[in-house]
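Asks: I would like the atomic coordinates for the input below:
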Amino acid sequence: MGGDVADCLPLLRQRVAPALLAAEVSSIAGQRELAALLGQSPLDRLAERMINSLSFIRRLLAKIRHLQAASAA
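Replies: Numbering: from 1, shown residues only. The predicted structure follows:
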């Protein structure tokens with residue numbers, strides 16, 4: 001199971017310009033995707049779930065960056 005650690009890390013997407021993000025969200029496909037995501041959980045706990053999800057993503061990104069720095073060294 002040889003190989004470099006960097007081969008196992010996901011690639012981070014480049015930042016999206018706010019205008020492109022706004023266009024994506026206002027598109028029909030974007031609205032359908034948002035509706036599907038919102039339909040997965042009750043609205044009374046939506047804020048809590050969003051905060052927990054964002055916290056998890058931040059920790060995951062920090063770990064990925066740490067592993068990328070370690071593999072580059």
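Asks: Please name the residues that touch Leu46.
Replies: Leu38 (Cβ atoms under 8 Å, 6 or more residues apart in numbering). Placement of C-beta: from N, CA and C, glycine included.
Asks: what residue lies at the spatial centre of the protein?
Replies: In the chain, the C-alpha nearest the mean C-alpha coordinate belongs to Ile57, at 6.2 Å (Cα atoms, centre = their mean).
Asks: Any stretches of this structure with poor pLDDT?
Replies: Within the chain, the segments meeting pLDDT under 70 span 1-13, 16.
Asks: try it again with 90
Replies: 1-27, 29-51, 71-73 (pLDDT under 90).
Asks: So the residue nearest to the centre of the chain versus Ile28, what's the distance?
Replies: Going from Ile57 to Ile28 by Cβ to Cβ, to the nearest Å gives 26 Å.
Asks: Helices along this protein, start to end?
Replies: Counting by DSSP state H, the chain has helices at residues 18-26, 28-38, 46-72.
Asks: what angle sits between the longest one and helix 28-38?
Replies: If I follow you right, that is helix 46-72. Computed by axes from the mean of the first three to the mean of the last three Cα atoms, to 10 degrees, the angle separating helix 46-72 from helix 28-38 equals 110 degrees.
Asks: cool, the first one as well?
Replies: For helix 18-26 against helix 28-38, the angle between stretch directions is 70 degrees (the same axes, to 10 degrees).
Asks: Would you mind putting the CA coordinates of helix 18-26 into CSV?
Replies: Only the C-alpha atoms of helix 18-26 are listed here, as CSV (Å, rounded to 0.1, in the frame of the first residue of the first chain):
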residue,chain,number,x,y,z
PRO,A,18,-19.8,35.8,-5.5
ALA,A,19,-21.5,36.7,-8.8
LEU,A,20,-21.2,33.1,-10.0
LEU,A,21,-22.4,31.7,-6.7
ALA,A,22,-25.4,34.0,-6.8
ALA,A,23,-26.2,32.9,-10.3
GLU,A,24,-25.9,29.2,-9.3
VAL,A,25,-28.2,29.6,-6.3
SER,A,26,-30.8,31.5,-8.4
